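Novice: Show me the folded form of this:
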Amino acid sequence: MTAVKSTLPEPARKVAGDALQSTLVDLLGLSLIAKQMHWNIVGPRFRSIHLQLDEVVATARTYADTVAERSSALGLPPDGRPETIAAACTLPGPKDGWVRDTDVVQLIVDVLEAAIGRLRERIAATAEPDPVTQDLLISLTAELEKQRWMFDAENWPRND
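Specialist: Presented below is the predicted three-dimensional model:
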């Protein structure tokens, strides 16, 4: 059953819908990972990273809502159920317990890199079928790249 009729032809709607659903999973996963680290970070940079993690959570949650609403606008019900996220999220996850601030920074950089890499694939996939969805994914990628840059700057100076 389709409650909302899409203006896209079915093949384009399928491509956009797949990109949006997988992005929703990544964003909800990212928000959970960042919040878990927010609660469990320890170390001398606790406060600044603790607060910075909330920025990641807010970004992920805001964009998750936008992505889900775009999916709904295309007549595709978004699936953000916990069991869906748990089964489909493939972002690198944190260990349990307390996590040292340097390890939190590296994990968030790795998680953001993974999410950005997949977003770039979806940007390419949606270019022709649905430039509106592509535009949304481009905006999201820019924001996650900004967050990644800010966390990566926490790793300075490096030995590489």
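Novice: Can you report how many residues lie near Asp135?
Specialist: By the criterion of other C-beta atoms under 10 Å, Asp135 has 13 neighbours. For the C-beta atoms, the positions are set from N, CA and C on the backbone; glycine is no exception.
Novice: let me redo that: Asp26
Specialist: In terms of burial, Asp26 registers 28 neighbours under the definition other C-beta under 10 Å.
Novice: Same question for the one 10 residues further on.
Specialist: By the other C-beta under 10 Å criterion, the neighbourhood of Gln36 contains 18 residues.
Novice: Correct me if wrong: it contacts Pro94.
Specialist: Yes. Under the criterion of C-beta atoms under 8 Å, Gln36 lies in contact with Pro94, with a separation of 5.4 Å.
Novice: low pLDDT regions in the protein?
Specialist: Residue ranges of the chain with pLDDT under 70: 1-2, 158-160.
Novice: ok now do the residue nearest to Asp54 when sequence neighbours are not counted, which residues does it touch?
Specialist: Nearest in space to Asp54, with sequence neighbours left out and distances taken as C-beta to C-beta, 6 or more residues apart in numbering, is His38 at 6.2 Å. Residues near His38 by C-beta atoms under 8 Å, 6 or more residues apart in numbering: His50, Leu53, Asp54, Val57.
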